[in-house]
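> Here's a sequence, model it:
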Amino acid sequence: MRPIARTFPSLAVLGLCVSLAAQAPVLPDNGGSGADGVFAPATNVTLDTAVQALYEFTSVTIPAGVVVNVIGPRPLAIRSIGPVIIDGELRGSGQIGSTGGNNLPGGAGGAGGPGGGRGGDGGCMPAAPFSGNGSDGAGRRPGTGGQDLFAGSFGDSGGGGGGGNATAGADAPTTNQPTPGLQGRGGLAGLCRAGAGGGGGACDVDSQTVSTSNDGGGGGGGGGGRITITSNSGITLGAGSVLRCDGGAGGLSNGNGGSGGGGAGGMIELAAPSITANGVASAVGGPGGAIGQAGATTPGGAGGDGCIFAIGALSGAGTFTPTPSVRPLGLLLTNVAAGGSINIVPLNPANTVFTGLAEATLPGPIPFLGGQLFIDPTGTLFPLSFGQATLGPIAGLTGAAGARTIQVNSSAALLFPGLELDVYVQGFLAQLPNFTGISDLGIIYFKY
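Numbering: from 1, shown residues only. Got it, this is the predicted structure:
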């Protein structure tokens with residue numbers, strides 16, 4: 001991601017007398033309301049994002065031996081005022097594609113993790129027993145299904161391609177299937193979100209009238225989900241903890257058909273003042289379905305990897321795969337967890353009238369300096385409205401001297417969904433009638 005603008009990039013440009021001694025800390029409020037109380041399951045539990053996708057807890061504890069499974073069509077967002085301590089497992093991975101059989105139907109695609117794409121079905125599903133091509137996976141950049149020539153012989157059925165995410169999914173190999181163009185293609189790499197599903201493997205269609213003469217393709221693996229965890233206190237992943245948003249493996253074809261492609265890895269986001277990681281966090285792509293029958297089955301392509309973001313001070317001896325992107329602490333806003341605030345706390349609160357950003361729900365207004373910060377993800381400009389008419393021209397911003405409204409130019413059209421921007425916000429400590437200090441930077445991460 002790239003900083004779009006710093007609201008106050010130069011003190012000299014503003015022509016104001018400021019004292020660096022009056023600099024104030026910026027405290028992002030990622031904790032939520034606490035409306036859902038304490039989360040401390042004693043036994044295994046399943047969270048379905050079709051029912052609830054945003055949880056706002058006062059604290060979170062997942063003990064050792066407890067597994068929290070996350071399913072559903074939307075990403076999961078957990079916000080906690082207090083600490084988040086995980087010693088057990090939090091699972092948001094895609095599911096394995098089902099197996100296609102020798103003289104049996106094709107296998108169904110695996111379900112995606114929360115917000116992840118479903119894997120494509122293998123060819124010759126029960127509802128279409130003579131349709132040989134595997135179906136494409138679902139999601140942003142899915143793998144495509146393998147194709148069948150209906151040649152009535154070995155080597156005419158392609159495996160499914162792997163789903164794509166931060167890295168591209170792999171095309172299905174040509175093993176046992178030398179005919180060009182039948183292999184499923186891997187999904188492309190791009191902006192990381194929940195993973196896409198792998199393509200289904202093709203069925204080996206030997207008859208258009210007798211379904212039991214055909215060998216069904218393997219289903220594609222489901223894409224890994226997206227899990228966001230934020231805390232105002234800290235996040236601790238214990239030595240035995242597991243946090244997974246992996247892609248599901250492609251399903252086998254146990255006959256002459258193609259195996260399914262693996263689902264892409266998903267997305268894990270952690271944001272807290274301190275992140276202590278001594279466990280395992282993973283968002284890798286699932287393997288393609290292997291060879292179910294020697295010399296006959298065409299394997300599927302592997303899914304691409306997802307991503308892990310750590311926003312805050314990261315420490316510990318845990319294993320993150322892929323390597324996390326570590327960013328300074330800031331306010332993390334997603335399409336699920338859109339609310340939040342940044343509080344600018346003065347070191348000397350006497351006579352201070354400026355309190356910083358207050359709570360907002362995108363794309364609505366955020367109160368700022370007595371005015372409002374409007375974020376419109378569908379437009380190409382972010383209008384920032386200020387309560388004091390004291391701003392002059394600033395590099396990177398537009399607006400006449402003394403105007404209450406300036407605009408930050410994003411330099412590229414913003415799409416919704418698919419928005420990913422960093423906005424740097426800086427505010428003044430006001431001791432009327434003159435400004436006496438300036439805050440440090442506050443960062444807002446928009447990951448829609």
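> Tell me, please, where in this structure the pLDDT is lower than the cut-off.
For the chain, the stretches with pLDDT under 70 are 1-26, 150-156, 178, 338-442.
> Break it down into its domains, please.
Following automatic domain parsing, one finds the domains of the chain at 3-28+335-447, 31-329.
> For the longest one, measure first residue to last.
Spelled out, it's domain 31-329. End-to-end span of domain 31-329 (CA to CA, to the nearest Å): 13 Å.
> go on, stretch 241-249?
Counting by CA to CA, you get 22 Å between the two ends of stretch 241-249.
> what do you get for stretch 28-46?
Stretch 28-46: ends 30 Å apart by CA to CA.
> Run a quick check on residue 56 versus residue 37, I expect a contact.
No - using CB atoms under 8 Å, residue 56 makes no contact with residue 37, being 9.1 Å away. Any C-beta I mention is one placed from the backbone N, CA and C, and that applies to glycine too.
> okay, those two: which has more neighbours?
The neighbour comparison of residue 56 against residue 37 (other CB atoms under 10 Å) goes to residue 56, with 19 against 11.
> residues contacting the more buried one?
Contact partners of residue 56, counting by CB atoms under 8 Å, 6 or more residues apart in numbering, are 31, 32, 33, 34, 35, 36, 79, 80.
> my guess is the first one meets residue 234, correct?
Translated: residue 31. No - with contact defined as CB under 8 Å, residue 31 does not count as touching residue 234 (11.1 Å).
> Of those two, which one has the most company?
The residue with more neighbours, out of residue 31 and residue 234, is residue 31; 21 against 17, by other CB under 10 Å.
> Could you grab the helix/strand/coil label for that one?
coil (DSSP: H, G, I helix; E, B strand; the rest coil).
> ok, now residue 56?
Following three-state DSSP, the label given to residue 56 is strand.
> would a markdown table of the contacts of residue 56 with distance to residue 298 be doable?
Shown next, in a markdown table, are the contacts of residue 56 (distance: CB to CB, whole Å):
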| residue | distance to residue 298 |
| --- | --- |
| 31 | 50 |
| 32 | 48 |
| 33 | 52 |
| 34 | 53 |
| 35 | 51 |
| 36 | 48 |
| 79 | 45 |
| 80 | 47 |
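> Report the buried members of these.
Buried members of the contacts of residue 56, scored by 16 or more other CB atoms under 10 Å, are 31, 32, 34, 36, 79, 80.
> out of these, who's nearest residue 227?
The nearest member of these to residue 227, counting by CB to CB, is residue 79 at 12.1 Å.
> can you pull the contacts of the nearest residue to that closest one once chain neighbours are set aside?
The shortest distance from residue 79 to any non-neighbouring residue, by CB to CB, 6 or more residues apart in numbering, is to residue 32 (3.3 Å). Applying CB under 8 Å, 6+ apart to residue 32 gives the contacts 54, 56, 57, 79, 80, 81, 230, 337, 339.
> before we move on, what about residue 320?
277, 281, 282, 308, 310.
> sec struct for it, please.
Assigned with three-state DSSP, residue 320 falls in the strand class.
> Check the buried ones among the contacts of residue 56 against residue 239 and report the nearest one.
Taking the buried ones among the contacts of residue 56 together and measuring to residue 239 by CB to CB, the closest member is residue 80, at 20.8 Å.
> separation between the closest one and residue 232?
Going from residue 80 to residue 232 by CB to CB, to the nearest Å gives 7 Å.
> which neighbours do these two share?
Residues touching both residue 80 and residue 232 (CB under 8 Å, 6+ apart): residue 31.
> Identify the residues contacting the residue nearest to residue 288 when sequence neighbours are not counted.
Of all residues beyond its chain neighbours, the one nearest residue 288 is residue 300 (3.3 Å), with distances taken as CB to CB, 6+ apart. Under the criterion of CB under 8 Å, 6+ apart, the neighbours of residue 300 are 146, 159-162, 172, 184, 198-199, 201, 218, 220, 250, 258-262, 288-289.
> now do 6 Å
The neighbours of residue 300, taking CB atoms under 6 Å, 6 or more residues apart in numbering as the test, are 159, 160, 172, 201, 250, 259, 260, 261, 288, 289.
> Show the buried residues in those.
Buried members of the contacts of residue 300, counted by 16+ other CB under 10 Å: 159, 160, 172, 201, 250, 259, 260, 261, 288, 289.
> quick one, what contacts the closest residue to residue 245 other than its chain neighbours?
Closest residue in space to residue 245, ignoring its immediate chain neighbours: residue 266 at 3.4 Å, by CB to CB, 6+ apart. By CB under 6 Å, 6+ apart, residue 266 lies in contact with 113, 116, 194, 195, 224, 225, 226, 245, 283, 306.
> hang on, isn't the first one packed against residue 91?
Read that as residue 113. No - using CB atoms under 6 Å, residue 113 makes no contact with residue 91, being 8.0 Å away.
> which one of these two has more residues nearby?
With neighbours defined as other CB under 10 Å, residue 113 and residue 91 compare such that residue 113 has more, 38 against 20.
> Return the residues in contact with the more buried one.
With contact set as CB under 6 Å, 6+ apart, residue 113 has these partners: 92, 93, 94, 224, 225, 245, 266.
> now swap in residue 216 and tell me
100, 101, 104, 105, 106, 122, 124, 203, 257.
> Surely the third one forms part of a helix?
No - for residue 104, which was evaluated using three-state DSSP, the result is coil, with no helix membership.
> nearest spatial neighbour of it, skipping sequence neighbours?
Closest residue to residue 104 apart from its sequence neighbours, by CB to CB, 6+ apart: residue 216 at 5.5 Å.
> And for residue 44, the neighbour number?
Using other CB under 10 Å, residue 44 has 12 neighbouring residues.
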